[in-house]
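> Sequence first, predicted model second:
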Amino acid sequence: MTGTPPAPQATLVIFGITGDLSHRLLMPSLINMTASGLVDDQLSIIGIGRTEGDDEWLRSGFDPDEAKTSTPATAWESLRGRISYLRGDLKQPATYERLASMLEERGDGNVAFYFATAPEFFDDIIHQLANAGLLREHEGAFRRVAIEKPFGHDFESARELNRKILSLVDEKQVYRVDHFLGKETVQNIMVTRFANTMVESVWNSKYIEHVQITVAETVDVGGRGSFYDAAGALRDMVPNHLFQLLAMICMEPPNSFDAEAVRNEKAKVFRAIRGPRPEDVGRDAVRGRYSAGRIGDRKVGDYRAAKDVAPDSRTETYAALKLTVDSWRWAGVPFYLRTGKALSHRDSEVVLTFRPVPFAQFRGIDVSRLPPNKLVIQIQPDEGMTLDLIGKRPGPELEPAPVQMNFSHANAFGPSRTTGYETLLYDLLHGDQTLFQRADEIEAAWLALQPVIEAWQSGGEPEAYVAGSAGPKCAEELIERDGRQWHAIGP
Ligand code: BG6
């Protein structure tokens, strides 16, 4: 982001400042942003939490070394004095009255409110902010709200939450966060597609045979049992992170890169997603739950034995599904999505498999024996792209052999020094909603999955897979039924 001007003067109010997200991602990102000049001394931060403490206590709880900048101490020195703590109950009007006077002391300018709390507080926070008059924009100063996921737990709850929020603020003030959109590799999908003639010209059902989207994780439920056991892999990952990847792959070229143009195209994709119908759920959507196993040197216990997980839980820790995108470009192309925890490797990727060449050009070699061209977009780790092609094996015969072209982000641009939240925070302060979800995108995403959510809720059990494996057998069967195989996870 060299040459990017610093974000405008603003106060960033973070609800849930003592939580994991603030510690692991938001504060380290703000330190990185300070180091790279994306924010300057025009930014002040008010953190709100329930724990007893003062400004100095809050500041001393952050570890600047969690930032990825090469100058964490210097950046932290410049930032730390501008962080204040407000201890308060998020349900009590008194908290918001105190917040109002703190903002007044700062001249009541631009304010972004970041909801980094558990979702059950979203409703209270936005109502209390509105009651305290803190969401009203005046004299050119902005008031924005950034809302973390999960945004609802199904179609109805997401619609209801949108209705409440939009009765208090305008859509232009709402920044619904999906942190996958902050990842460089995810944003790069758009650039790769729309800045390269040879990519976009084959980006359709005529040339692409099927698409796989995978977000495989090695982490298990850890200490998040109470949230995760109520959500499960499908809700936690699919309507947001995996569908955002899907939208980046499937969208039509926007007529500009401004927020509305990009989000209009993405919203069309969300509306065109055809997830399994109720009668197809058993065949086209499968779920798994990890049992005790080992991932590298780490022993992982049974999911149902984890802290805050019900011993008779039916929650899935793995989900896979097949869907289509009903559009001119993608008609007839199956999309296979899978995500799971406690798997053998951390690996998020999109794999596009191309159709075979139309006839056998090489003596004695049938086209069906040539491996298909594949474009693998590696989201994380080892960010980059590989293209599987066929080349000539050296020698007197014209013998085709598989070859690979590689692009590595680290080799091309140096190691990444970001958490992925820097762009999102910068855009929030700068007023660019491109990388945030609009109400209609979220609702359409939930709607596409509603039959699966309902079917899974009404009965059945996830199939067991051993922690450290590639997932449950039912996921292999889902894709094998179509004569295909999952791209192997891991290096
Ligand atoms: C979060 C999910 O949104 O994304 C987590 O709630 C998941 O369960 C995480 O582990 C994955 O994000 P990342 O950036 O670590 O791949």
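Received it, and whenever you're ready, just let me know what you need.
> Right, and the ligand sits closest to which residue of the protein?
Nearest to the ligand, among the residues of the chain, is residue 236, at 4.8 Å (C-beta to the nearest ligand atom). All C-beta spots, glycine's among them, are computed from the backbone N, C-alpha and C.
> tally of neighbours for that residue?
22 (other C-beta atoms under 10 Å).
> Next: residue 294.
Residue 294 is flanked by 12 other residues according to other C-beta under 10 Å.
> what helices or strands is the helix or strand it falls within leaning on?
Assigned by DSSP states H and E, residue 294 belongs to strand 293-295. Secondary-structure packing of strand 293-295 (3 or more C-beta pairs under 8 Å, 6 or more residues apart in numbering; DSSP states H and E): strand 298-300.
> Beyond the strand it packs on, next helix or strand please.
That would be, after strand 298-300 and using DSSP H and E, strand 318-325.
> Which strands border the next helix-or-strand element following that next one, and is each parallel or antiparallel?
Using DSSP H and E, the next helix or strand after strand 318-325 towards the C-terminus is strand 335-340. Within its sheet, strand 335-340 is paired with strand 208-216 (parallel), strand 318-325 (antiparallel), according to DSSP bridges.
> Let's verify the residue nearest the centre of the chain: helix, strand, or coil?
The residue lying closest to the centre of the chain (C-alpha atoms, centre = their mean) is residue 180, at 2.8 Å. Following DSSP: H, G, I helix; E, B strand; the rest coil, residue 180 is assigned to helix.
> pretty sure it is touching residue 238, no?
No. Using C-beta atoms under 8 Å, residue 180 makes no contact with residue 238, being 11.7 Å away.
> Give the residues shared as contacts by the two.
Between them, residue 180 and residue 238 share no contacting residue under C-beta atoms under 8 Å, 6 or more residues apart in numbering.
> can you tell me if the helix ranked longest in the chain touches the ligand.
Longest helix of the chain, by residue count under DSSP state H: helix 439-458. No. Residues of helix 439-458 are not located near the ligand by C-beta under 6 Å from any ligand atom, the shortest gap being 14.0 Å.
> what's in contact with that helix?
151-152, 154-155, 158-159, 162, 166, 171, 174, 176, 232, 234-235, 238-240, 243, 247, 263, 266-267, 270-271, 273-278, 281-282, 285, 287, 316, 321, 323.
> tell me which residues of it are tucked away?
Judged by neighbour count (16 or more other C-beta atoms under 10 Å), helix 439-458 contains these buried residues: 439-449, 451-453, 455-456.
> Stretch 245-258 too?
245, 246, 247, 248, 249, 250, 251, 254.
> ditto for stretch 400-412
Of the residues in stretch 400-412, 400, 409 count as buried by neighbour count, 16+ other C-beta under 10 Å.
> Show which residues not belonging to that stretch make contact with it.
Residues contacting stretch 400-412 (C-beta under 8 Å, 6+ apart): 184-185, 188, 362, 365, 370-371, 382-393, 416.
> Within range of the ligand, give me the residues from the stretch 1-150 of the chain.
Going by C-beta under 6 Å from any ligand atom, the residues of the stretch 1-150 of the chain near the ligand are residue 149.
> show me where the stretch 1-150 of the chain has strands.
Applying DSSP state E, counting those that start in this stretch to the stretch 1-150 of the chain gives strands spanning 10-15, 43-49, 83-87, 111-115, 143-147.
> Adding distance to residue 77, write these out as a markdown table.
As requested, the strands of the stretch 1-150 of the chain are exported to a markdown table (distance: least, C-beta to C-beta, whole Å):
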| stretch | distance to residue 77 |
| --- | --- |
| strand 10-15 | 19 |
| strand 43-49 | 15 |
| strand 83-87 | 12 |
| strand 111-115 | 23 |
| strand 143-147 | 26 |
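> got the ones you listed as TSV, with mean pLDDT and mean neighbour count columns?
Compiled in TSV, these are given as follows (pLDDT from 0 to 100; neighbours: other C-beta atoms under 10 Å):
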stretch	mean pLDDT	mean neighbour count
strand 10-15	98	25
strand 43-49	97	24
strand 83-87	97	20
strand 111-115	98	24
strand 143-147	98	23
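> now the strands for the stretch 151-300 of the chain?
174-176, 208-216, 273-274, 285-291, 293-295, 298-300.
> So what are the sheet partners of the last one and their directions?
Right, the one you point to is strand 298-300. The strands beside strand 298-300 in its sheet (DSSP bridges) come out as strand 293-295 (antiparallel).
> so where's the stretch 301-450 of the chain uncertain?
Residues of the stretch 301-450 of the chain that meet the criterion pLDDT under 70 lie in 360-368.
> Next: the stretch 151-300 of the chain.
Along the stretch 151-300 of the chain, the model assigns pLDDT under 70 to no residue.
> For it, what lies in contact range of the ligand?
So far as C-beta under 6 Å from any ligand atom goes, the stretch 151-300 of the chain lies against the ligand at 179, 217, 219, 236.
> Residue 470: which of those is nearest?
Nearest to residue 470 among those: residue 217, at 12.4 Å, using C-beta to C-beta.
> Thought residue 346 was touching that closest one, still the case?
Yes. The criterion here is C-beta under 8 Å, and residue 217 meets it with residue 346 at 5.8 Å.
> This structure - how does it break down into domains?
10-148, 181-417+451-480 (automatic domain parsing).
> I'd like those domains written out as JSON lines, with distance to residue 491 added.
Shown next, in JSON lines, are the domains of the chain (distance: least, C-beta to C-beta, whole Å):
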{"stretch": "domain 10-148", "distance to residue 491": "23"}
{"stretch": "domain 181-417+451-480", "distance to residue 491": "7"}
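> Mind checking the ones you listed for the one nearest to residue 424?
Nearest of the domains of the chain (C-beta to C-beta): domain 181-417+451-480, 4.3 Å.
> and the closest one, how far from the chain's centre?
Distance, stretch centre to chain centre, for domain 181-417+451-480: 13 Å (C-alpha atoms, centre = their mean, to the nearest Å).
> follow-up on the earlier one: and the residue nearest to the centre of the chain, what is it in contact with?
So residue 180 contacts 186, 240, 241, 244, 245, 379 (C-beta under 8 Å, 6+ apart).
> and which of the residues you listed is nearest residue 302?
Using C-beta to C-beta, residue 241 comes nearest to residue 302 of these, at 25.5 Å.
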